[in-house]
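Colleague: Fold the following and give me the result.
(chains A, B, C and D)
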Protein chains: 2
Amino acid sequence: MQPLASVPSRSEQVYHVLRDSICECRLEPGTHLVQEDIAEKLGVSRQPVQQAMLLLKSDGLVVEQGKRGLYVAPIDRAGMRHHYQIRQVLDELAARLVAGRVTEEPGFGAHLRREGTAILEEGARARERGDAAAMVRHDVAFHTMIYQLSGNPLIAAKAESHWLFLRRVVIGIVTHVGRGHTAWVQHEGILDALVAGD
Amino acid sequence: MQPLASVPSRSEQVYHVLRDSICECRLEPGTHLVQEDIAEKLGVSRQPVQQAMLLLKSDGLVVEQGKRGLYVAPIDRAGMRHHYQIRQVLDELAARLVAGRVTEEPGFGAHLRREGTAILEEGARARERGDAAAMVRHDVAFHTMIYQLSGNPLIAAKAESHWLFLRRVVIGIVTHVGRGHTAWVQHEGILDALVAGD
DNA sequence: TTTATGAATTCTGTATTCGGATTTCGCAAG
DNA sequence: CTTGCGAAATCCGAATACAGAATTCATAAA
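Modeller: Numbering: from 1, shown residues only, chains lettered A, B, ... in the order given. Purely as a prediction, here's the structure:
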């Protein structure tokens, strides 16, 4: 049995709305976030907004400039590189752990193969449609699957926080540069290697 | 010139007090945290306490059991292993980056050597005194130095959140098992290797 | 035209209050 | 002894109210 899902508090809802808005660049970097305005737009009081801001600040998605208030964090090349570096080592760790489980636990490889191909197929369909957003979604889903199967739940949590930042630019990259193809080929290679035990 | 330090808000102060109390096990795992009690003990209203709790929850230092309120997170073996795994790969990443800078930037190696030996000497003195808490502090300082010199500021931030958990048990390990010695020898080896460029 | 000064505005952090949901406790019924 | 039920108490999230700091703006002086 699992604990039954409870309704999310207003703070959480505000947090998610703001987080998604920032990550999908509907709130542009550098925007000044005023608690009252946001509260009124979302139809809540200032209190849940302030709490959401606190979490966004600890995520690094918003930054405070002195006592001038909170602003949406800028997208700078160096910062993205830093996020990418960390995500990379987390990916490597997760892959190592998954590979370890494949060789240790019988039947785990088949399970991995099943889940992986399902996601890859969906991703392939998105690519045929030329749906960039869906491609990114499935890209993330593939990585998330590996995090979850790694057996270390902290990896998924930490990596997600870096994906938040990367999502802000990945959509643009996939759409404009058209690098989507190579990524999917790589994913198939990764899946094969993992099923084989790295 | 640097932006002058502003007084920390009450929320931040409450957050730090609670965080340290939890990490140094003055608040034992499983303790029920009641906002009103804490607010009264610290001489503030419930509001800053609630905000601090929110951050502690996102750190994973406190967990909520249904709607029964927030409790200090338990220390379990599996969780510690997970934290340790992630910290390990972050350490490796930081070391790689530092080694890279040593070979790239002239004078960086000497700088590293200077800072590193300073910390190691202080740590050695703490060991002679048998001061376990100071040893752990300098152990953390050594790692933090590497994070900071890596050039990726996110590593320090992320790794710190894992040290929060590890600190809860490391003190006990150093005191009881007396494994302090080997750690310091390793640190000297690490420093030598980094100065040489990995 | 530029600089100083002080009032008005704006915005945040904190305190207090309100409403609701849950747990606890006492007592009666099976 | 266990089960069921209702009142009281507990505690949290959210709204509202208040105070202080910073910025803006307008007006006066150089």
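Colleague: how many neighbours does A:Gln65 have?
Modeller: 10 (other CB atoms under 10 Å in any protein chain shown). From N, CA and C alone the C-beta is placed, and that goes for glycine too.
Colleague: measure it to chain B for me?
Modeller: 9 Å (CB to the nearest CB, to the nearest Å).
Colleague: do you know how far A:Ala132 is from chain B?
Modeller: With distances taken as CB to the nearest CB, A:Ala132 is found 27 Å from chain B.
Colleague: Quick one: the helices in chain A, in order.
Modeller: A:10-23, A:35-42, A:46-59, A:77-104, A:108-129, A:132-149, A:153-177, A:180-196 (DSSP state H).
Colleague: As JSON lines, those helices with mean neighbour count and mean pLDDT would be great.
Modeller: Shown next, in JSON lines, are these (neighbours: other CB atoms under 10 Å in any protein chain shown; pLDDT from 0 to 100):
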{"stretch": "helix A:10-23", "mean neighbour count": "18", "mean pLDDT": "94"}
{"stretch": "helix A:35-42", "mean neighbour count": "14", "mean pLDDT": "94"}
{"stretch": "helix A:46-59", "mean neighbour count": "20", "mean pLDDT": "95"}
{"stretch": "helix A:77-104", "mean neighbour count": "18", "mean pLDDT": "92"}
{"stretch": "helix A:108-129", "mean neighbour count": "15", "mean pLDDT": "86"}
{"stretch": "helix A:132-149", "mean neighbour count": "19", "mean pLDDT": "86"}
{"stretch": "helix A:153-177", "mean neighbour count": "17", "mean pLDDT": "83"}
{"stretch": "helix A:180-196", "mean neighbour count": "15", "mean pLDDT": "69"}
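Colleague: I'd like to know which of these lies nearest to B:Arg19.
Modeller: helix A:46-59 (12.1 Å; CB to CB).
Colleague: For the closest one, list the C-alpha coordinates in PDB.
Modeller: The C-alpha trace of helix A:46-59 is given here as PDB (Å, rounded to 0.1, in the frame of the first residue of the first chain):
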ATOM      1  CA  ARG A  46       1.500  37.100  -0.700                       C
ATOM      2  CA  GLN A  47       2.400  34.400   1.800                       C
ATOM      3  CA  PRO A  48       2.500  31.400  -0.500                       C
ATOM      4  CA  VAL A  49       4.300  33.400  -3.100                       C
ATOM      5  CA  GLN A  50       7.000  34.400  -0.700                       C
ATOM      6  CA  GLN A  51       7.500  30.800   0.300                       C
ATOM      7  CA  ALA A  52       7.700  29.700  -3.300                       C
ATOM      8  CA  MET A  53      10.300  32.500  -3.900                       C
ATOM      9  CA  LEU A  54      12.400  31.200  -1.100                       C
ATOM     10  CA  LEU A  55      12.500  27.700  -2.700                       C
ATOM     11  CA  LEU A  56      13.300  29.200  -6.100                       C
ATOM     12  CA  LYS A  57      16.100  31.200  -4.600                       C
ATOM     13  CA  SER A  58      17.600  28.000  -3.000                       C
ATOM     14  CA  ASP A  59      17.300  26.400  -6.500                       C
END
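Colleague: anything in that helix sitting right up against chain B?
Modeller: Yes. Residues of helix A:46-59 contacting chain B under CB under 8 Å from any CB of the partner chain: A:50-51, A:54-55, A:58.
Colleague: how about the residues of chain A near DNA strand C?
Modeller: For chain A, the residues found near DNA strand C under the criterion CB under 7 Å from any atom of the strand are A:33-36, A:46-47, A:50, A:53, A:69-70.
Colleague: out of those, which touch DNA strand D?
Modeller: Contacts with DNA strand D within those, counted by CB under 7 Å from any atom of the strand: A:46-47.
Colleague: I'd like the residues of chain A next to DNA strand C written out as JSON lines, with distance to B:Pro106 added.
Modeller: Conversion of the residues of chain A next to DNA strand C to JSON lines gives the following (distance: CB to CB, whole Å):
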{"residue": "A:Leu33", "distance to B:Pro106": "43"}
{"residue": "A:Val34", "distance to B:Pro106": "48"}
{"residue": "A:Gln35", "distance to B:Pro106": "49"}
{"residue": "A:Glu36", "distance to B:Pro106": "53"}
{"residue": "A:Arg46", "distance to B:Pro106": "53"}
{"residue": "A:Gln47", "distance to B:Pro106": "54"}
{"residue": "A:Gln50", "distance to B:Pro106": "48"}
{"residue": "A:Met53", "distance to B:Pro106": "44"}
{"residue": "A:Gly69", "distance to B:Pro106": "42"}
{"residue": "A:Leu70", "distance to B:Pro106": "40"}
